[in-house]
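> sequence and predicted structure are below.
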Amino acid sequence: MYNRKQLFLGSEQESIFFWGARQTGKSILLKTLFPNALWFDLLISSEYKRLTEKPDILRETILANLEKTPVIIDEIQRIPELLNEVHWLISNYGVRFILSGSSPRKILRSNVNLLGGRALRYELYPLISAEIPNFDLLRAVNHGLLPKHYDSANPKRLLAAYIGSYLRDEIAAEARIRNVGAFARFLEIAALTNGEMVNYTNIASDCGVSATTVKEYFQILNDTLLGRYLPSFQKRPKRRAITAPKFYLFDVGIANSLLNRGKIEQGTELFGKAFEHFIYQELYAHSRYSENECPIYYWRTASQLEIDFVLGDHEVAIEVKATEQANAKHLKGLKAFAEEYKTKKLILISNDPLPRLVDNILILPCKTFLERLWAGDII
C-alpha cells in the first residue's frame, strides 16, 4: 500500500470527476479514503447491464441510502447517460459524487450532461518518488511506475499485457479506430520519438497513414491520459525558438516495453532518455498534486541550444543529465536561457554525489532534487 499524494485538496464538500489511466490505483485510493461510500462498479457486467437498461435504478438506490456518502461510480465513462441522474441528485439532494474512470474521452465527445461545473476534476498518475519507501531510481526506469509493475520482480509480461489488452485493443475500440495495425505501429513510433519534437509528416510516413490521422492518434493518447504534449517556451525570444511541441507517454515503463528495450543500465544512452522521462513525470505530477498548476515547457533554439524543462513564466529552468560529474558543456543551455530571461532558479539534475553551485547554476543529485521538489522548495 502506498500513501498517495492525491488527496483531493479543497474538494471536501464537492462532487468530483476522478480520472487516471488503468492500473494507476484509483480504486484502491478511493476505497482507502472513503470506506463507507456507496459504490457502483460499472466494470461488473451485472451492474453495467442493470444500469444501462434502467438508469433510474441509480437514483432509486441512492435515495434509499442517503446516509452513505460519498457516492462513487467507477468507470463512469461506460454509461455517460447516468450523468443526468447524477445532475438531478446533486441539484435536488446535494448528494456528493466521485465519478471515476480511466478515460474522459467518451464523455467529452458524447455531448452528454457534464454537470454544468458542479464537479471538480482531479487525476491520478503513476507512482511518484515521494510515495515509494526506499525509492529505487533504476527500478523505476526499468519497471515503470504503475504500482503493479513497479512492485513486480519481472514486469515484462505485465507490461506486454497492458499494451496489448489496453493500449492496442481497448483504446483502439473506444476511439473506433478502423486500421488497428496502423495504430499499433503508431504506438511504437510514438515510443521511439518519446520526449522528442513531434513531426507529424515523418511519423505518418513510417506508419503508412496521413499526417491528419497521426494528429488524431496523438489526440487519442492525450484524451485517454496515455500521453501529453510538452509545449515549447516562446515568450519574447531574442533567439529564434523552435515551436513544435514534444510528446511524452504517461509512463516510462510503457515506453520501454513498446520499444522492446532490455534492461536499462546506469551510464547508458537509454538510461539518459528514461531518466529525463522520469523527471518529467515527477514535475507534471507535482504541478497537479500540489495544485499550483504550474505550466511546464521545454526550450530549444534554431541553433540547437536547449533546456529540458521551463516551469511557470520562466521562474525555473531545469536541465537533466545522467552524468555522474556535470561539467561546463552540460551548462550551456541553462546559461543561454539565463541570457534571455530573468530566471529565479537554474537547476541541473544529475547523478553527482553532492550538490554544487557553478556560475549561479545549482547542480543537484537526483535524490536531492526529488526531496526538494516534494518539499515545495523548487517552485
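Okay, I see it. Model, not experiment: these values are computed from the prediction.

> C-alpha from now on. contacts and neighbour counts both.
Will do.

> which residue ranges of the stretch 151-300 of the chain form helices?
For the stretch 151-300 of the chain, the helices defined by DSSP state H, counting those that start in this stretch cover 156-162, 171-174, 180-192, 200-207, 211-223, 252-258, 269-289.

> off-centre distance for the last one?
Using CA atoms, centre = their mean, to the nearest Å, we find the averaged C-alpha position of helix 269-289 to lie 10 Å away from the chain's own average C-alpha position.

> contacts for it?
Applying CA atoms under 8 Å, 6 or more residues apart in numbering, the contact partners of helix 269-289 are 5-7, 125, 128-129, 140-141, 195, 248, 250-252, 264-265, 293-296, 320-322, 373-374.

> hmm, 7 Å instead?
Here helix 269-289 makes contact (CA atoms under 7 Å, 6 or more residues apart in numbering) with 5-6, 125, 128, 141, 195, 252, 264-265, 293-294, 320-322.

> so which of those residues sit within strands?
Among those, the ones falling in strands (DSSP state E) are Val320.

> widest-spaced pair of the contacts of helix 269-289?
Glu265 and Glu293 (33.4 Å; CA to CA).

> residue ranges with poor pLDDT in the stretch 101-250 of the chain?
111-113, 236-239 (pLDDT under 70).

> so where do the strands sit in this structure?
Using DSSP E, strands in the chain cover 15-19, 38-41, 71-74, 97-101, 119-123, 227-230, 246-249, 296-300, 306-311, 316-320, 345-350, 356-358, 361-365.

> go through the ones you listed and find the least confident stretch.
Here those differ in mean pLDDT, and the lowest is strand 119-123 at a mean of 91.

> what's the angle from that strand to helix 269-289?
Computed by axes from the mean of the first three to the mean of the last three CA atoms, to 10 degrees, the angle separating strand 119-123 from helix 269-289 equals 160 degrees.

> now Lys5. Nearest residue, chain neighbours left out?
Closest residue to Lys5 apart from its sequence neighbours, by CA to CA, 6 or more residues apart in numbering: Tyr289 at 6.4 Å.

> check what pLDDT the one you found gets.
93.

> so how far is Lys26 from it?
Remark: distance between Tyr289 and Lys26 (CA to CA, to the nearest Å) = 14 Å.

> now stretch 71-90: buried residues?
By neighbour count with 16 or more other CA atoms under 10 Å, stretch 71-90 contains the buried residues 71-83, 85-87, 89-90.

> er, stretch 335-345 actually
Going by 16+ other CA under 10 Å, stretch 335-345 has these buried residues: Lys335, Phe337, Ala338, Tyr341, Thr343, Lys345.

> mind checking the end-to-end distance for it?
Stretch 335-345: ends 12 Å apart by CA to CA.

> out of the strands of the chain, which comes closest to Ala160?
Nearest of these (CA to CA): strand 246-249, 15.4 Å.

> can you list contacts of that closest one?
Applying CA under 7 Å, 6+ apart, the external contacts of strand 246-249 come out as Asn194, Gly195, Glu196, Met197, Val198, Leu226, Gly227, Arg228, Tyr229, Leu230, Pro231, Ala255.

> if I look at the residue nearest the centre of the chain, how far off is Cys207?
In the chain, the residue lying closest to the centroid (CA atoms, centre = their mean) is Phe250, at 4.4 Å. Note on Phe250: its distance to Cys207, by CA to CA, is 21 Å.

> repeat for Ser165
21 Å.

> who's more crowded, these two?
Cys207 (21 against 11; other CA atoms under 10 Å).

> now do the contacts for that one.
Ala182, Arg185, Phe186.

> next: Lys345.
Glu315, Val316, Ala317.

> so the last one sits against Ile347, correct?
This means Ala317. Yes: using CA atoms under 7 Å, Ala317 makes contact with Ile347 at a distance of 6.2 Å.

> sorry, back to before: just flag the most distant two among the contacts of strand 246-249.
Going by CA to CA, the pair spanning these furthest: Pro231 and Ala255, at 19.7 Å.

> show the contacting residues for the residue nearest to Trp39 when sequence neighbours are not counted.
Using CA to CA, 6+ apart and skipping residues adjacent in sequence, the residue nearest Trp39 is Ile72, 4.8 Å away. Counting by CA under 7 Å, 6+ apart, Ile72 makes contact with Ala37, Leu38, Trp39, Phe40, Phe97, Ile98, Leu99.

> same question for Tyr229.
Counting by CA under 7 Å, 6+ apart, Tyr229 touches Pro245, Lys246, Phe247, Tyr248.

> if I pick the nearest residue to the first one once chain neighbours are set aside, what's in contact with it?
Beyond its immediate neighbours in the sequence, the residue positioned closest to Pro245 (CA to CA, 6+ apart) is Pro231, lying 4.5 Å away. Listed by CA under 7 Å, 6+ apart, the contact set of Pro231 reads Pro245, Lys246, Tyr297, Tyr298.

> in TSV: the residues you listed, plus distance to Ala153.
Conversion of the contacts of Pro231 to TSV gives the following (distance: CA to CA, whole Å):
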residue	distance to Ala153
Pro245	35
Lys246	32
Tyr297	35
Tyr298	35
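
> buried ones from the residues you listed, can you make that a ChimeraX selection?
A single ChimeraX command selects the buried members of the contacts of Pro231 (16+ other CA under 10 Å):
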select :245,246,297,298
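
> any idea how far Ile347 is from Ala191?
For Ala191, the distance to Ile347 - CA to CA - is 27 Å.

> excluding chain neighbours, what is closest to the residue nearest to the centre of the chain?
Counting by CA to CA, 6+ apart, the residue nearest Phe250 is Gly227, at 4.6 Å.
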